[in-house]
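Asker: Following is a predicted model, sequence given first.
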Amino acid sequence: MDYFYAMLLFAVSSSVTPGPNNLMVMASGVNLGVRRSLPLLTGICLGFTLMLLLVSFGFYRLFIIFPVLQVGLKLIGCLYLLYLSWLIASSHREVSSDRENQPFGFIKGLLFQWVNAKAWIVAVGAIAAFTGGQDAGMTPQLLLASVFLVVSFPCVGVWLLFGTVLEKWLDNDVRRRGFNVAMGSLLALSVLPVLRELITMEFTHG
């Protein structure tokens, strides 16, 4: 039982703390509201659970065998994060019902986990701490994924609700624009640790 509570505490703390996923959801809540942000929230929660399962069943070994894949994925992730940062920072206050004006959705939330540095750190850390190695069978992996799936919806959803609360305060163009620029900048700053790691790897192997 202590093992389960430790897993639950890890899932809650890693899911509710600030990160690219939560910043995206909060910005979407401010600009699009709860209903139009639910596909993004669902994509993030299901996407991380799927990634956690695949990594726990050996997907990460591909990166050990082919290190260039890891470098390439990190580069793609950095570029995609910067692109999302620009989308958030340049979002207008007016929200159209046209789907073309909605920058995020289920598929983007689902696929974003594979280029999200925090998601990788959490996934690898959780697997190392709670799956018990290859001899433990599939039960720990399935339990871990189930816990994260259940926990992630309310933990990430809190940020969505926070965004909708802020929407009432950000009731003019100046405040809304300032918020979007701030969120886009914070999301862009989350790229720095990954870039620092890539530069360090380049100098190490150079």
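Answerer: Done, it's in.

Asker: pretty sure Ala117 contacts Leu195?
Answerer: No: applying Cβ atoms under 8 Å as the test, Ala117 and Leu195 come out as separate, 10.0 Å apart. C-beta: built from backbone N, CA, C; applies to glycine.

Asker: More neighbours: the two, which one.
Answerer: Each of Ala117 and Leu195 has its neighbours counted (other Cβ atoms under 10 Å); Ala117 has more, 20 against 13.

Asker: Let me know the pLDDT of that one.
Answerer: What the model reports as pLDDT for Ala117 is 80.

Asker: For it, which residues are in contact?
Answerer: For Ala117, the contact set (Cβ atoms under 8 Å, 6 or more residues apart in numbering) comprises 20, 74, 77, 190, 193-194.

Asker: can you rerun that using 10 Å?
Answerer: 19-20, 74, 77-78, 81, 190-195, 197 (Cβ atoms under 10 Å, 6 or more residues apart in numbering).

Asker: one step back: can you check which residues contact both of Ala117 and Leu195?
Answerer: What both Ala117 and Leu195 touch, as defined by Cβ under 10 Å, 6+ apart, is the set 74, 78.

Asker: Now do the longest helix belonging to the chain, average pLDDT.
Answerer: If you go by DSSP state H, the chain has its longest helix at helix 20-54. What helix 20-54 shows for mean pLDDT is 91.

Asker: which strands and helices sit next to it?
Answerer: The contact analysis (3 or more Cβ pairs under 10 Å, 6 or more residues apart in numbering; DSSP states H and E) places helix 20-54 against helix 2-16, helix 67-89, helix 106-112, helix 117-130, helix 139-169, helix 173-189.

Asker: Minimum distance to Val34: which of the ones you listed has it?
Answerer: helix 139-169 (5.5 Å; Cβ to Cβ).

Asker: Let me know which of the helices and strands packed on helix 20-54 is the nearest to Pro39.
Answerer: Among these, helix 106-112 comes nearest to Pro39, with 3.9 Å by Cβ to Cβ.

Asker: helices or strands up against that closest one?
Answerer: Helix 106-112 makes packing contacts with helix 20-54, helix 67-89 when contacts are defined by 3+ Cβ pairs under 10 Å, 6+ apart.

Asker: Please convert the ones you listed to JSON lines, extending it with distance to Met138 and mean neighbour count.
Answerer: Converted to JSON lines, the helices and strands packed on helix 106-112 look like this (distance: least, Cβ to Cβ, whole Å; neighbours: other Cβ atoms under 10 Å):
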{"stretch": "helix 20-54", "distance to Met138": "10", "mean neighbour count": "22"}
{"stretch": "helix 67-89", "distance to Met138": "25", "mean neighbour count": "16"}
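
Asker: Now render these as TSV, adding distance to Gly184.
Answerer: Putting the helices and strands packed on helix 106-112 into TSV (distance: least, Cβ to Cβ, whole Å) gives the following:
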stretch	distance to Gly184
helix 20-54	8
helix 67-89	3
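
Asker: Of all these, which one comes closest to Gly109?
Answerer: Nearest of these (Cβ to Cβ): helix 20-54, 2.6 Å.

Asker: Which element is encountered next along the chain beyond the closest one?
Answerer: On the C-terminal side of helix 20-54, the nearest following helix or strand under DSSP states H and E is helix 61-65.

Asker: Appreciated, that's everything.
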